[in-house]
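Asks: Sequence first, then the predicted structure, then my questions.
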Amino acid sequence: MHRIDNNENPENAPDEELYQQAGRGDEAAFRCLMSRHLDKVWRLAFNILADDKDAEDVVQEVFLSVWKNSASWKSGTAQFSTWLYRVSINKAIDFKRKQGKTPLPMAAEKINLLQEESPLDIDFPLPIDILLKKEALQDVSKIILSLPQGQKKVIHLFYFEDMTVAEIARKINNTEVGVRSLLKRGKKSLREAIICQKKICNYEIGRI
Amino acid sequence: MKLEEFKNNLAVYGGNLTKWPAARRKSAEGLLARSVEAQDLFSEATSLDMLIDPDGARPPDDLLDKTTRKTKDRT
């Protein structure tokens, strides 16, 4: 077991060990764990709730439940980070429902869900999460600049000008279907380039 | 909404549900509440958004301290 004492920097320890230490009341380990994941947990909550303060509340709820061990991760299942993000999404959805901001799923939707039997082919941890955690990719904007002109333009307008698909379509004199296709292809290229960058840089997945 | 449709929408609109068409947003939330696969895809799309636009929506700088304090207060 990787023990964290006064002479050792907890930032070097993997999530799973920090979690174990936090479970024994190690506040430094817990703070390090929070620091590592706080931005992502907040962003997940914000993406669902669309409210800064509500997202803050969810972050606090998530980490409080982890600290009190009322939400407990078990080794041998998903990576700690994967589990934590699932907990965060569930908390954000619960938060929204408690506020009455969204109805419960319709019966038809529940039936659709029961019919789904297509587990995804995803390896964990996700390569993009690794890059995010390691802050290894210095400048994604360089990759964006290397995209074909149409894809580059719609990604810029969507992310940096905060325009909707309909607004972009009007601006670049294209159809909404065309814009959606450009966005999808642009992001696919971007994702592939980021993963390729990861391979070039030879990040070690097992160490995260 | 089925998982494949959810995946396609994530590929276009990303993880920020406010950018999704309203009708699909509600359906996506329902799926997210029940599907671990959807949650993992949503998480990855959010990471990609954060990489594309690192200066986008971010938590306040003092949230780590606030959360630490709150955790201590309630234990």
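Replies: Done, it's in.

Asks: so what's the residue sitting furthest away from the middle of chain A scoring on pLDDT?
Replies: Distance from the C-alpha centroid of chain A, by C-alpha atoms, centre = their mean, peaks at A:Asn173 (32.9 Å). pLDDT for A:Asn173: 95.

Asks: Can you name the residues that contact it?
Replies: If you count contacts by C-beta atoms under 8 Å, 6 or more residues apart in numbering or on different chains, A:Asn173 has none. The C-beta positions use only the backbone N, C-alpha and C, and glycine is treated the same way.

Asks: Now do the phi/psi pair for it.
Replies: Note on A:Asn173: backbone dihedrals following degrees, to the nearest 10 are phi 60, psi 50.

Asks: Show me how far stretch B:67-75 is from its chain's centre.
Replies: 25 Å (C-alpha atoms, centre = their mean, to the nearest Å).

Asks: Report the buried residues of it.
Replies: Neighbour counts over stretch B:67-75 (16 or more other C-beta atoms under 10 Å in any protein chain shown) mark B:67-68, B:70-71 as buried.

Asks: Which of these fall in helices?
Replies: Taking DSSP state H, the ones among the buried residues of stretch B:67-75 that sit in helices are B:67-68, B:70-71.

Asks: Show me the residue of chain B that gets nearest to chain A, please.
Replies: Residue nearest to chain A within chain B: B:Gly30 (3.2 Å; C-beta to the nearest C-beta).

Asks: now that residue, what's its secondary structure?
Replies: Following DSSP: H, G, I helix; E, B strand; the rest coil, we place B:Gly30 in the helix state.

Asks: Could you count how many residues lie near it?
Replies: Other residues within reach of B:Gly30, judged by other C-beta atoms under 10 Å in any protein chain shown, total 22.

Asks: doesn't B:Lys2 make contact with it?
Replies: No - if you go by C-beta atoms under 8 Å, B:Gly30 and B:Lys2 don't touch, sitting 11.3 Å apart.

Asks: and A:Asn146, how many neighbours?
Replies: For residue A:146 the amino acid is Ser, not Asn. By other C-beta under 10 Å, the residues close to A:Ser146 number 11.

Asks: That one and A:Glu192: what is the separation?
Replies: To A:Glu192, A:Ser146 is 12 Å away according to C-beta to C-beta, to the nearest Å.

Asks: How about B:Asp40?
Replies: Separation of B:Asp40 from A:Glu192 (C-beta to C-beta): 19 Å.

Asks: try A:Val59
Replies: In terms of C-beta to C-beta, A:Val59 sits 31 Å off from A:Glu192.

Asks: again, but for B:Leu41
Replies: B:Leu41 sits 16 Å away from A:Glu192, going by C-beta to C-beta.

Asks: Then B:Pro21?
Replies: Look at B:Pro21 and A:Glu192: by C-beta to C-beta, they are 26 Å apart.

Asks: circling back: mind putting the ones in helices among the buried residues of stretch B:67-75 into JSON lines with pLDDT?
Replies: Converted to JSON lines, those look like this (pLDDT from 0 to 100):
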{"residue": "B:Thr67", "pLDDT": "94"}
{"residue": "B:Thr68", "pLDDT": "93"}
{"residue": "B:Lys70", "pLDDT": "88"}
{"residue": "B:Thr71", "pLDDT": "85"}
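
Asks: from those, which is closest to A:Thr82?
Replies: B:Thr67 (20.8 Å; C-beta to C-beta).

Asks: how many other residues sit next to residue 63?
Replies: All of this is about chain A. A:Phe63 - counted by other C-beta under 10 Å - has 27 other residues nearby.

Asks: not quite, I wanted chain B
Replies: For B:Leu63, using other C-beta under 10 Å, the count is 20.

Asks: That one reaches A:Leu38, doesn't it?
Replies: Yes - with contact defined as C-beta under 8 Å, B:Leu63 reaches A:Leu38; the gap is 6.3 Å.
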